[in-house]
Every structure is written in C-alpha cells, then in structure tokens.
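Engineer: predicted structure and sequence below. I'll ask about it afterward.
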Amino acid sequence: MRKCVGCGKMFDKKNLIRIAKISPNKFCIDHTGKINSRGSYLCKSMECLRKSKKKKGFERSFKSKSICVIYKELEDEFKKIL
C-alpha cells in the first residue's frame, strides 16, 4: 500500500504512478516501478495531479524545489492514460 501525494489516500502501488528521483535535480516517471531510487506515488487522475501541484506534495516528498519540471511530463502522461 502506498499513499498518493495528491489526495492522501492509500492504494495498492499497482494502481498508482511512481515518480522516481534519479539525482538531486532529475526526476522521471517510473513505468516499471523498479528504478532503484527514492519514489513518490500519485493516483491516475488529473484531479490528484492538480492537488499535488497546489499542495506541493512532490516537493515535500522529495525535499526538493526542482520537481516542478516533472509536472508538464505528468500532464502529458495523463492525457495518454485518460
């Protein structure tokens, strides 16, 4: 079980999108869920993405201000999924 940084609800990790912190300023969407790095999870909904951006969920999770670059990539990913 993992917690969504947008809504704060617990879900099975297979139902969430994992964001991995590769290096101090580099983040990526972990499609396999197996990248060896710090990870944070988000529901597969545009509403949770908006909430996480507003509440700075990824910034708090990774303790980094440079995560803002991943939001555009996440928006594009959601358009493909939904």
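Structural biologist: All right, it came through fine.
Engineer: can you check which strand is longest in the chain?
Structural biologist: Using DSSP state E to define each element, the chain has its longest strand at strand 16-23.
Engineer: next, residue 69: secondary structure please.
Structural biologist: helix (DSSP: H, G, I helix; E, B strand; the rest coil).
Engineer: which residues touch the nearest residue to it once chain neighbours are set aside?
Structural biologist: Nearest non-adjacent residue to residue 69, counting by C-beta to C-beta, 6 or more residues apart in numbering: residue 27, 7.1 Å away. Quick note: C-beta positions are derived from backbone N, CA and C, even for glycine. The contact partners of residue 27, by C-beta atoms under 8 Å, 6 or more residues apart in numbering, come to 19, 20, 21, 58, 62, 66, 67, 69, 70.
Engineer: which of those count as buried?
Structural biologist: Listed as buried from those are 19, 20, 21, 58, 62, 67, 70; burial here means 16 or more other C-beta atoms under 10 Å.
Engineer: out of the residues you listed, which one has the lowest pLDDT?
Structural biologist: In terms of pLDDT, the lowest of the buried ones among the contacts of residue 27 is residue 67, showing 77.
Engineer: what's near enough to touch the residue nearest to that one when sequence neighbours are not counted?
Structural biologist: Closest residue to residue 67 in three dimensions, ignoring its sequence neighbours and counting by C-beta to C-beta, 6+ apart: residue 58, at 4.4 Å. Contact partners of residue 58, counting by C-beta under 8 Å, 6+ apart, are 5, 19, 27, 40, 52, 67, 70.
Engineer: let me have those in JSON lines, adding distance to residue 46 as columns.
Structural biologist: As requested, the contacts of residue 58 are arranged in JSON lines below (distance: C-beta to C-beta, whole Å):
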{"residue": "5", "distance to residue 46": "14"}
{"residue": "19", "distance to residue 46": "15"}
{"residue": "27", "distance to residue 46": "19"}
{"residue": "40", "distance to residue 46": "17"}
{"residue": "52", "distance to residue 46": "11"}
{"residue": "67", "distance to residue 46": "18"}
{"residue": "70", "distance to residue 46": "15"}
